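>>> heads up, no residue letters with this:
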Ligand code: DGJ
């Protein structure tokens, strides 16, 4: 709910358990008042009349503004910096009023000297305890204005000594969660590569000694892929500031008269503990962004064949995949142009006749006859120098006129901000989807942008063009599912999730490494979008041998895929594949729609434990990477059950009936032995005292 006290110019955004409050102060500045646990009567919150700390610490510097802008006596991080035609660079806004439409509040600010409008929009998602905020800048002057910096907003937390967490990593090792103390000086996370990054992720989590169940947690995730920047800072004036938005590195945006620019939005919230943060974000993603349908079990041929794809071999794989229980067959890289390695083919999206002499349809027919849907891989933003497309249009890549452009993975990035390039890609996708019965597109992007052309706007416009192509293709083919992949998990963010349906989490398919990758991912992103495959051993990256059961259990934590060479598996393995895939289909609704809990066993901390709760059903996944000698069982306290309900708990040879109260306080005791041991415990409500 949004409450406005017009006379006091006081604005409260109330969700089920939180409040976010700001007002217009005596100086006409939009002043932040509160963010945290719910306060019913937020009008008790009043702004303090501030005096400068000293002439060197002017009042602006200590005023907690919702949207500080560059200009005047303000030296801290600002959200907006503009350059006017005469060289002026300062903005001095005044409050002009507000508009409210259901759950959306827009605050209108205007520069005192020029007709430059700043509209701050706040959307309130009451049931998910979340807000979504963004800003739109409109140039109503008759001059061209250059925006040199645009951050979505400023967050104020009236606390010091907080901990900041995000992820670091690189290809094959994404999603390494780290935590560091916020102190004096700035923490900066960013992407400067255009094509998102494995190095950091566009979100912030700040907390005050929180754990999964309790403690103040403030978080925000940017709804945008590509170049972002997050700055976190503890000020000398006793608060912690966060800004998140577009990266101002090599950035500007030109606004001609009557043009506007919208910032990406931030989905943000306050929660008591990390589990509530994840549940709120996951539910919001599932219910407001993602399709409601269950994700299919897929087979992808990449690890089995790499570029050596042929129609006959793919048909063999497809028949076997269907026999094992797969529902979707995805043909990965290598089916088009002269694509026999990374060096050629990208850009030439015609079917390779040597590999598919009668086109793709003979394969698609077999896939469909066997009850599966068909999916295909493309990397539309890229071109190889050896391709026909590059020979015809060398000017289509990002380049500087007098500089030799860099290749990376043997390819260039197409300047898809050019209308002709964008149409070429959209036409290629529409043509592919018109001529073939395709249900799934895996959209890959395997290198960052370089030699970015003379136009600094391309970093942001590139990603907007990607979104636009996917949106337009979906308009015509609304049932087609798009997977976002960028050398594995390089394009995991809420911007991508708005247009794409699935994330390829990582090229690292080692089932043990995946536990931590998946756990870190789960803090912010929904399990339902997390693709995870069972692949062969030794794993191509880690060289580890891991039993098939553990590999399945690890991949069954997300949306299950099979990526192994299934034509080479033994009869015994085939039985396991069939059983596990069948089991997954029975529990998929709990995994994909349930609340996800990261558990810590209270004894035996070498065990990894995760729980899902969906209505009356729950699952506990337990993993032990290295055997422990002895008979000490791991004791794991379950979460999210209803205390007075009796549950049937089945695992190994044990079947017990216990109350939710018992399971959440005494817990389950389980002993795994052998390296890479794993188990899925099923927990089903049998009756509830509350209902009797
Ligand atoms: C990188 C992706 O992450 C892989 O899954 C695979 O699609 C290759 N590209 C194909 O080139």
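Yep, it's here. If you're wondering where the values come from, they're calculated on a predicted model, not measured in any experiment.

>>> Next up, the contacts around residue 591.
527, 556-559, 584, 612, 619 (Cβ atoms under 8 Å, 6 or more residues apart in numbering). For every residue, glycine as well, the C-beta is placed using N, CA and C.

>>> pretty sure it is in a helix, no?
Yes. With DSSP: H, G, I helix; E, B strand; the rest coil as the criterion, residue 591 is part of a helix.

>>> Out of the contacts of residue 591, who's the most crowded?
Compared across the contacts of residue 591, residue 559 has the highest neighbour count, 27 neighbours, by other Cβ atoms under 10 Å.

>>> give me the element the residue nearest to that one when sequence neighbours are not counted is part of.
Once flanking residues are discounted, residue 559 sits nearest to residue 295: 3.9 Å by Cβ to Cβ, 6 or more residues apart in numbering. Residue 295 is part of no helix or strand when elements are defined by DSSP states H and E.

>>> what's the neighbour count on residue 295?
Each residue near residue 295 was counted by other Cβ under 10 Å, and the total is 24.

>>> cool, residue 393 as well?
Neighbour count of residue 393, defined by other Cβ under 10 Å: 18.

>>> quick one: pLDDT of it?
Looking at residue 393, its pLDDT is 98.

>>> likewise residue 690?
pLDDT for residue 690: 60.

>>> what's the answer for residue 27, then?
So residue 27 comes in at 89 (pLDDT).

>>> tell me the contacts of it?
Applying Cβ under 8 Å, 6+ apart, we find residue 27 in contact with 59, 63.

>>> So it: helix, strand or coil?
Put simply, residue 27 is coil when judged by three-state DSSP.

>>> Could you find the closest non-adjacent residue to the residue in the stretch 101-250 of the chain positioned nearest to the ligand?
Residue nearest to the ligand within the stretch 101-250 of the chain: residue 171 (8.6 Å; Cβ to the nearest ligand atom). The shortest distance from residue 171 to any non-neighbouring residue, by Cβ to Cβ, 6+ apart, is to residue 487 (5.2 Å).

>>> Ok, residue 652 next?
Excluding its sequence neighbours, the residue lying closest to residue 652 (Cβ to Cβ, 6+ apart) is residue 679, at 6.5 Å.

>>> Assign the one you found to helix, strand or coil.
The three-state label given to residue 679 by three-state DSSP is strand.

>>> quick one, helices of the stretch 251-400 of the chain?
Secondary structure of the stretch 251-400 of the chain by DSSP state H, counting those that start in this stretch: the helices cover 274-284, 302-305, 311-324, 361-369, 388-392.

>>> Mean neighbour count, these: which tops it?
Ranked by mean neighbour count, those are led by helix 274-284 with a mean of 22 (mean count of other Cβ atoms under 10 Å).

>>> can you give me the mean pLDDT across that helix?
The pLDDT scores in helix 274-284 average 98.

>>> Number of residues surrounding the residue nearest to residue 339 when sequence neighbours are not counted?
In space, and not counting its chain neighbours, residue 339 is closest to residue 345: 2.9 Å by Cβ to Cβ, 6+ apart. A count of nearby residues for residue 345, using other Cβ under 10 Å, gives 29.

>>> So for residue 345, what's the pLDDT?
So residue 345 comes in at 98 (pLDDT).

>>> ok, now which ones touch it?
334, 336-339, 352, 384, 387.

>>> how about these in a markdown table, adding distance to the ligand, neighbour count and pLDDT?
Converted to a markdown table, these look like this (distance: Cβ to the nearest ligand atom, whole Å; neighbours: other Cβ atoms under 10 Å; pLDDT from 0 to 100):
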| residue | distance to the ligand | neighbour count | pLDDT |
| --- | --- | --- | --- |
| 334 | 8 | 22 | 98 |
| 336 | 12 | 24 | 98 |
| 337 | 13 | 20 | 98 |
| 338 | 15 | 15 | 97 |
| 339 | 9 | 22 | 98 |
| 352 | 15 | 19 | 98 |
| 384 | 12 | 25 | 98 |
| 387 | 15 | 23 | 98 |
